[in-house]
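K.L.:
Prediction below, plus the sequence it came from.
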Amino acid sequence: MWLRRASLEAKVLRFLRLTAVSALADEILKNVEFDALRIVYNKFVSAVSFVPSLSTVLSPEIVERESEAGGKLGALDAYEIEGGETKSEILQNLSEFQFSCVMFNAVLENACSEQGARMSAMDSSSRNAGEMLDRLTLTYNRTRQASITTELIEIISGASALEG
C-alpha cells in the first residue's frame with residue numbers, strides 16, 4: 001500500500017512542473033476559442049482551510065481591443081517593443097504565458113489544499129486512535145482488576161469454608 005501511494009505522489013509531483021502544465025495549457029488554447037477563460041480551484045489558506053477561487057484570463061483579442069480603446073491596458077503602447085514582433089504577436093504570447101502561469105498557480109494551490117486536508121485528516125485519525133487505545137486500555141485494566149477481585153473473593157470464601 002505504501003509503495004502504491006508513494007508512486008502516486010511521485011506522479012503528482014512530476015505533474016506539478018510548469019512545463020507539464022504549459023503543455024496542457026497549449027492543448028487547451030489550440031482547441032478552444034474564447035473571450036475569457038475561467039479557472040476554478042481551491043485556494044490554500046491554512047492546513048485546515050481552503051477557499052474556492054476563480055481566476056479569469058482574457059483572450060489576446062479582448063486585451064488588444066481594450067488596449068486600443070484606451071482602457072486599463074491603454075498604457076501598453078508606452079512600452080518599447082523590440083525583436084520585430086507585432087503588438088498582436090506579443091499579446092498572444094503574453095496571454096498564453098499568463099494562462100499557463102494562472103493554471104500552474106491553480107494546480108499548486110489545489111495540491112497544497114489537498115496536502116493540508118490530508119495532514120488534518122491524519123492528525124484527526126491519530127488523535128482518535130490514541131483516544132481509542134486509552135479507552136481500550138482502561139476497559140482491559142478494569143476487566144483484569146475485576147477478574148483478580150473475583151479470584152480473591154473465591155480464595156477467601158474457600159478458606160473461610162474450610163475453617164468454618
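P.N.:
It's in. Numbering: from 1, shown residues only.

K.L.:
ok, which stretches of this structure are strands?
P.N.:
In the chain, the strands defined using DSSP state E lie at 36-46, 49-58.

K.L.:
Could you dump these into TSV with distance to Gln115 added?
P.N.:
Using the backbone N, CA and C atoms, a C-beta is placed for each residue, glycine as well. What follows is these, written out as TSV (distance: least, Cβ to Cβ, whole Å):
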stretch	distance to Gln115
strand 36-46	9
strand 49-58	11
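
K.L.:
can I get these in TSV with mean neighbour count?
P.N.:
Shown next, in TSV, are the strands of the chain (neighbours: other Cβ atoms under 10 Å):
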stretch	mean neighbour count
strand 36-46	15
strand 49-58	14
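
K.L.:
If you average the pLDDT over the longest helix anywhere in the chain, what comes out?
P.N.:
As assigned by DSSP state H, the longest helix anywhere in the chain is helix 87-163. For helix 87-163, mean pLDDT rounds to 89.

K.L.:
returning to what we had before: let me have the strands of the chain in a markdown table, extended by distance to Glu151 and mean pLDDT.
P.N.:
Shown next, in a markdown table, are the strands of the chain (distance: least, Cβ to Cβ, whole Å; pLDDT from 0 to 100):
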| stretch | distance to Glu151 | mean pLDDT |
| --- | --- | --- |
| strand 36-46 | 55 | 89 |
| strand 49-58 | 55 | 89 |
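
K.L.:
With respect to Ala121, which of these lies nearest?
P.N.:
Comparing those against Ala121 with Cβ to Cβ, the closest turns out to be strand 49-58 (13.4 Å).

K.L.:
What lies in contact with the closest one?
P.N.:
If you take Cβ atoms under 8 Å, 6 or more residues apart in numbering as the criterion, strand 49-58 is touched by 35-45, 66, 95, 98-99, 102, 105-106, 109, 113, 116-117.

K.L.:
partners of it, with directions?
P.N.:
strand 36-46 (antiparallel) (DSSP bridges).
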